[in-house]
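# Just a sequence and a predicted model for now, questions to come.
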Amino acid sequence: MATGIVGEFLELKEGTDADVLAMQCGDFYEFFADDAELVADELDLKVSQKSSHGSSYPMAGVPLSELTPYAKALVERGYRVAVADQYETDDGHAREITRVITPGTLLETTKADARYLAAIVREGAGGNDGAGGNDGDDGPYGLAFADVTTGRFLVTEAEDEGDLRAELYRFDPAEVLPGPLVRNDDVVLGAVREELSGSVSAFDAEAFAPGRARHAVRERFGAETADAVGLDSELAIRAAGAILTYVEETGAGVLASMTRLTTYGAADLVELDATTQRNLELTETMGGNGDGSLFDVLDHTVTSPGGRLLREWLTRPKRDREALERRLDAVEALASAALARDRLRETLEGAYDLERLAARATSGSAGASELLSVRDTLALLPELAEAVADTPLAGSPVADVIRRPDRERARGLHGELAAALADDPPSTKTQGGLLRKGYDEELDGLIERHDEAKRWIDTLAEREKRRHGLSHVTVDRNKTDGYYIQVGKSVADGVPEQYREIKTLKNSKRFVTDELAEREREILRLEEARGELEYELFEELRERVAGEVELLQDVGRVVAELDALASLATHAAGNDWTRPALSASRSLSVEAGRHPVVERTTDFVPNDLELDAERGFLIVTGPNMSGKSTYMRQAALIQLLAQVGSFVPARSAEVGLVDGIYTRVGALDELAQGRSTFMVEMQELSNILHSATADSLVILDEVGRGTATYDGISIAWAATEYLHNEVRARTLFATHYHELTTLADHLPRVENVHVAVDERGGDVTFLRTVREGPTDRSYGVHVADLAGVPGPVVDRADEVLDRLREEKAIEARGGSGGGTDGGVGAGGEGTKQVVFDLSSGAFKNGGPEADPVAGSGSNATSEGVASDGASSTNARESAARTEAGLDEETAAVLRELASVDLAETAPVELLSRVQRWQERIDDEEAI
Ligand code: ADP
């Protein structure tokens, strides 16, 4: 066991669950042993060896003032960093851990994004089901989210696991604290790990206990808050309490910036499950990139709090019509007053991130330049008011927003800061120069005496020359000698006797006098006293600012709101967007609508959309790549934007408010991830069928594609009926199953629309125009052609398609050359060997009229080509039965054919496989 300083380090490390410990040793923070190597690896620090009682330990260190950037870098890589500080004791010094910096409590962040710490609590006493993980009883969950960098604190309850995931996805917390039961819940933790970028920290289960958590909430927000804000969910309180305790225990010192507890419930926001948030690419694209997301396109904010708020608005659309109309009024006013808007935005450009500055003031980490930023941002309030006065914005909700904070108090605080802070303060807090003259009498006195002493020294040389008749006299100061009088060698013999020589140089001598030494001591004393007093005064000032944390948050919020509103208005004005007419009706009626993101990069063809109580379900058909998906997403985004309080990309839009937007988007991820996605697809469908209501908007982009055709059609068919008859949600459903279009004849609210193409001259031109009625065919073969599949394959595919359509049957065609009689591949060119009958889903021998030959032993059997997943055994059996009368290659091809899952294989891939098989059979026959 190590002793000495390393022993102390290891002992402290033992007592914390942090990943890394930084221990103060004098002017450095040191890392020892494994921690030194970890830090060296991660941050490129140099490792040296520290000997301690015969053993040697790796050691790395950073100067005291530089810990923050290193700790920040470690925390951003997911480590929790404990910091042990050194303090004086009677017999020397001791050290203790004062803070644990974790991803969710890291104050120093360079990113503008919010940085949430989340706590999740699940119902249950922690008995039997505690150890066993998820027992299928999912929820409800209590949830709390706190952004320690701004003091934002939100709590809610999630009904089930889906809701929980949706909320987590919205906030994307940097750190998650799972409560006692959640800690063993693989499903929830798995979701956190897969879908979020943050880390999971185990935290004292006691902190989640109802009594203790409620106490923490009361302590922080006052006895009444818990009830007054409608926080009657014990689960939510438990989550909130745990966060408060955690923030306190990690020692971030920001508890005081958590001034308000905001509760929200399912009824306030538009339900947007995690899948939908991702599908609609609100803040990042499917590729996981921020560029090209809705936020990216809409973001014209000029401040980071403005950007943060806009992002929050987009991921948390509202249901309250009044609030939305207010926001729309503001956007409309700003959109139509270009000059006033520009002036407002220019003013906002001068604003700093007040919410964050407030948190830094509370935690004691704000320096003079941060307080200057507070001063300058407060100064903007009157400027903002002036920017809208006498403009069309004067009577708009924009002016109301500016009037909201307590401007009297803001003026007061601004005045104090302006009177106190020097304009160009040094970066250190202890050397003086932070504060202005006139701010504090005692300080002024010190400065005055300091200046006087300095003046005395500055004029000393002149006085000495005169008094003693000396030439060549200077007074100066350096590090080793302090202040001295320097006299040229030629006259050095004539100095008065009180001069004491301290140094002889080549051409001069240096002297001091008692008087000079006394002045020097006085100056040092005064400088020290000034530094101390200034620091004290500065701390007081910072505390004063911290005491106004609510005011700062209010003003910060105003800046953010104006910025976000102006951003929406700027985008609306620049892109010809229109104010949506909100209503309580069940309609979404859009004239000349566009996709907000696609329209930025494409010559976009606008389209109308008509959904209402009588026409609530549209089946959208059209060729691949014609624009179905875009059309449906555009509908969802227009709905969403309207409920964000934004203008929408359309000539006009009437938008009936919805309680939720649900999307299920196929193709892309299916192809990318392979088979297992059929399960995912069905889970998503299941969630929609369970969660959507008559007030929801549902977007289905292909359902049932990941399974065999008949399964797929059946599921899509039944889902349509259920959505139409039971759920009654407004629905857009794009499908490649043309069979579904006939549903319009049977279900009263179902209508068909299609994306039109022009097919003249054998070529398909995409028109991007949505028209009433169904298409009569699919265009997969055309895509194969576009993708460069060889001409003969495309021609043959066209032929196959025509025949399937007309005769519902097609023969498998062999190549030229001889072979055994009757078997596959045995005939001459163009000979029909087996026929696939679509209506029976089986191969038949000979022509379309021939009888099925299942079990005949000489041919492919009906089971052999059934394409559902359960057929593999049958496929093998039938292949074995077939082999007897066949050459080896043909039998191999047949086995492969039998094992192909039609529904899981892309058409292009199918075609190329068919071609390969033909080639192999041809080769075999040519031998
Ligand atoms: P589908 O879902 O039918 O396969 P998509 O919606 O993915 O087709 O659209 C294919 C391409 O067509 C997209 O890349 C998009 O840029 C373009 N597109 C779609 N709709 C329009 C439109 N209305 N105007 C212009 N281009 C469009």
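Ah, there it is.
# Near the ligand, which residues of this protein are found?
Residues of the chain found near the ligand (CB under 6 Å from any ligand atom) are 598, 602, 604-605, 607, 622, 624-630, 768. Quick note: C-beta positions are derived from backbone N, CA and C, even for glycine.
# which among the residues you listed end up buried?
By neighbour count, with 16 or more other CB atoms under 10 Å, these hold 598, 604-605, 607, 622, 624-630, 768 as buried.
# So which of the residues you listed sits lowest on pLDDT?
Note: of those, the lowest pLDDT belongs to Asn624, at 80.
# What residue, apart from its backbone neighbours, is nearest Pro425 spatially?
Of all residues beyond its chain neighbours, the one nearest Pro425 is Ala368 (3.7 Å), with distances taken as CB to CB, 6 or more residues apart in numbering.
# In terms of pLDDT, where does the one you found sit?
Per-residue pLDDT puts Ala368 at 89.
# same thing with the one 3 residues further on?
As summarised for this prediction, Leu371 has a pLDDT of 94.
# likewise Pro180?
On pLDDT, Pro180 comes in at 89.
# can you count the residues close to it?
Pro180 has 21 neighbouring residues, counting by other CB atoms under 10 Å.
# thought it was touching Ala207?
No - when contacts are counted by CB atoms under 8 Å, Pro180 is not listed as touching Ala207 (9.9 Å).
# sorry, back to before: max pairwise distance over the buried ones among the residues of the chain next to the ligand: which two?
Farthest-apart pair in those is Phe604 and Asn624; separation 19.1 Å (CB to CB).
# And for Tyr662, nearest residue in space, chain neighbours not counted?
Leaving aside its chain neighbours, Tyr662 sits nearest to Ile688 (4.5 Å; criterion: CB to CB, 6+ apart).
# Name the next helix or strand following the helix or strand hosting the one you found along the chain.
Here Ile688 is covered by helix 677-691, with elements defined by DSSP states H and E. Using DSSP H and E, the helix or strand that follows helix 677-691 towards the C-terminus is strand 696-701.
# Now tell me what touches that following strand from outside.
Contacts to strand 696-701, defined as CB atoms under 8 Å, 6 or more residues apart in numbering, come from residues 271, 279, 588, 628-629, 632-633, 635-636, 639, 658-667, 685, 688, 692, 719, 723, 727, 729-735.
# tilt between that strand and helix 677-691?
Orientation check (axes from the mean of the first three to the mean of the last three CA atoms, to 10 degrees): strand 696-701 against helix 677-691 gives 160 degrees.
# first vs last residue of stretch 48-62, how far apart are they?
Stretch 48-62 has its terminal residues 12 Å apart, counting by CA to CA, to the nearest Å.
# I'd assumed Ala613 was in a strand, is it?
No - using DSSP: H, G, I helix; E, B strand; the rest coil, the assignment for Ala613 is coil, not a strand.
# Report the spatially closest residue to Pro305, excluding sequence-adjacent ones.
Spatial nearest neighbour of Pro305, excluding adjacent residues (CB to CB, 6+ apart): Ala560 at 3.8 Å.
# same question, Glu349
Spatially, and ignoring its direct neighbours in sequence, Glu349 is nearest to Val302 (4.8 Å; CB to CB, 6+ apart).
# so where's the stretch 801-927 of the chain uncertain?
Within the stretch 801-927 of the chain, the segments meeting pLDDT under 70 span 805, 808-810, 812-834, 836-885, 903-908, 924-927.
# In space, what's closest to the residue in the stretch 651-800 of the chain that the ligand sits nearest to - neighbours in sequence excluded?
For the stretch 651-800 of the chain, the residue closest to the ligand is Arg768, as judged by CB to the nearest ligand atom, at 3.7 Å. Leaving aside its chain neighbours, Arg768 sits nearest to Val605 (3.7 Å; criterion: CB to CB, 6+ apart).
# By average pLDDT, which secondary structure element in the protein comes out worst?
Across the helices and strands of the chain, mean pLDDT, DSSP states H and E gives its lowest value to helix 862-865, namely a mean of 37.
# residues of the helix or strand encompassing Arg220 that come out buried?
Here Arg220 sits within helix 210-221, counting by DSSP H and E. Under the neighbour-count criterion of 16+ other CB under 10 Å, helix 210-221 has 212-214, 216-218, 220-221 buried.
# what packs against that helix?
Under the contact definition 3 or more CB pairs under 8 Å, 6 or more residues apart in numbering; DSSP states H and E, helix 210-221 sits against helix 225-228, helix 234-250.
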